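Engineer: Got a sequence here, can you model it:
(chains A and B)
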Amino acid sequence: SQQGEEDPQALSIQEGENATMNCSYKTSINNLQWYRQNSGRGLVHLILIRSNEREKHSGRLRVTLDTSKKSSSLLITASRAADTASYFCATDQTGANNLFFGTGTRLTVIP
Amino acid sequence: SQTIHQWPATLVQPVGSPLSLECTVEGTSNPNLYWYRQAAGRGLQLLFYSVGIGQISSEVPQNLSASRPQDRQFILSSKKLLLSDSGFYLCAWDRGQRDTQYFGPGTRLTVL
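Structural biologist: Okay, the predicted model is just below:
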């Protein structure tokens, strides 16, 4: 499969704690993206990291990319109840015509 | 600004009935368009994508079909629904750079 895989599948934390989600993939990529999905809604793009980048920040989000290990992590700092959602990684793989989405991590932030 | 619409939001259909889901994009031209299906609690499965009017690529064999009659309109169809067609259907578009995809609100399809 060309899909990425996130772990953990589910994560439950207290408000104010940090949340870390990981994504692994199998082929060469041009970029890796993270998306968020609230229950029953469409996905929303959060952040993109290119294959020649190692770390990127956007507000409370920090993304890292290790192309040698074919893995990425998404860190959400100082989590809020409103961060409760599913988070998906998506890879733009070399030679492919579309993105490949992972299976997602379900994050629950307890107030 | 660009917006993407999908309808209907929810749909309950009997097995064997036809299906037509519509997706339209506003505020951009010549987008790449995508249909995904998401089973409950699962990731996204790409069904079809289109780079232009009348150009459809299918990713998985199935009893669904897609059409793009206009630049910003993407339709997902079936002649006879199966129970396994139940799921959450998402339409998305991008500018062809595969850097950001913009998703519609989705259609929840239940086949009984």
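Engineer: Going by C-alpha atoms from here, please, whenever you check contacts or count neighbours.
Structural biologist: Noted.
Engineer: Count the residues that sit near the residue in chain B positioned nearest to chain A.
Structural biologist: Proximity of chain B to chain A (CA to the nearest CA) peaks at B:Gly43, 4.0 Å away. Applying other CA atoms under 10 Å in any protein chain shown, we find 24 other residues in the vicinity of B:Gly43.
Engineer: Next to chain A, which bits of chain B? Give me the list.
Structural biologist: B:42-45, B:90, B:98-106 (CA under 8 Å from any CA of the partner chain).
Engineer: In contact with the residue minimising distance to the centre of chain B, which residues?
Structural biologist: The residue lying closest to the centre of chain B (CA atoms, centre = their mean) is B:Trp35, at 3.2 Å. Residues in contact with B:Trp35 (CA atoms under 8 Å, 6 or more residues apart in numbering or on different chains) are B:46-49, B:76, B:89-92.
Engineer: returning to what we had before: buried among the residues of chain B next to chain A? Make that a ChimeraX selection.
Structural biologist: A single ChimeraX command selects the buried members of these (16 or more other CA atoms under 10 Å in any protein chain shown):
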select /B:43,44,45,90,98,99,100,101,102,103,104,105,106
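Engineer: From chain B, how far out is A:Gly42?
Structural biologist: From A:Gly42 across to chain B, the span is 5 Å (CA to the nearest CA, to the nearest Å).
Engineer: Using the three-state scheme, assign A:Thr20.
Structural biologist: strand (DSSP: H, G, I helix; E, B strand; the rest coil).
Engineer: Give me the secondary structure label for the closest residue to A:Ala81 other than its chain neighbours.
Structural biologist: Closest residue in space to A:Ala81, ignoring its immediate chain neighbours: A:Val109 at 4.9 Å, by CA to CA, 6 or more residues apart in numbering or on different chains. Of the three states, A:Val109 takes strand according to three-state DSSP.
Engineer: ok, A:Val109 - contacts?
Structural biologist: A:Val109 neighbours (CA under 8 Å, 6+ apart): A:12-15, A:79-84.
Engineer: Which one (most neighbours) among these?
Structural biologist: A:Ser79 (22 neighbours).
Engineer: sorry, back to before: turn the contacts of A:Val109 into TSV, columns for distance to B:Glu26.
Structural biologist: TSV is the format used below for the contacts of A:Val109 (distance: CA to CA, whole Å):
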residue	distance to B:Glu26
A:Ser12	38
A:Ile13	39
A:Gln14	40
A:Glu15	38
A:Ser79	34
A:Arg80	33
A:Ala81	32
A:Ala82	29
A:Asp83	29
A:Thr84	29
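Engineer: Adding secondary structure, write these out as JSON lines.
Structural biologist: Below are the contacts of A:Val109 laid out as JSON lines (three-state DSSP):
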{"residue": "A:Ser12", "secondary structure": "strand"}
{"residue": "A:Ile13", "secondary structure": "strand"}
{"residue": "A:Gln14", "secondary structure": "strand"}
{"residue": "A:Glu15", "secondary structure": "coil"}
{"residue": "A:Ser79", "secondary structure": "coil"}
{"residue": "A:Arg80", "secondary structure": "coil"}
{"residue": "A:Ala81", "secondary structure": "helix"}
{"residue": "A:Ala82", "secondary structure": "helix"}
{"residue": "A:Asp83", "secondary structure": "helix"}
{"residue": "A:Thr84", "secondary structure": "coil"}
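Engineer: can you pull up the bridge partners for the nearest residue to A:Leu61 once chain neighbours are set aside?
Structural biologist: The shortest distance from A:Leu61 to any non-neighbouring residue, by CA to CA, 6+ apart, is to A:Ile76 (4.9 Å). For A:Ile76, the beta-bridge partners are A:Ala19, A:Leu61 (DSSP bridges).
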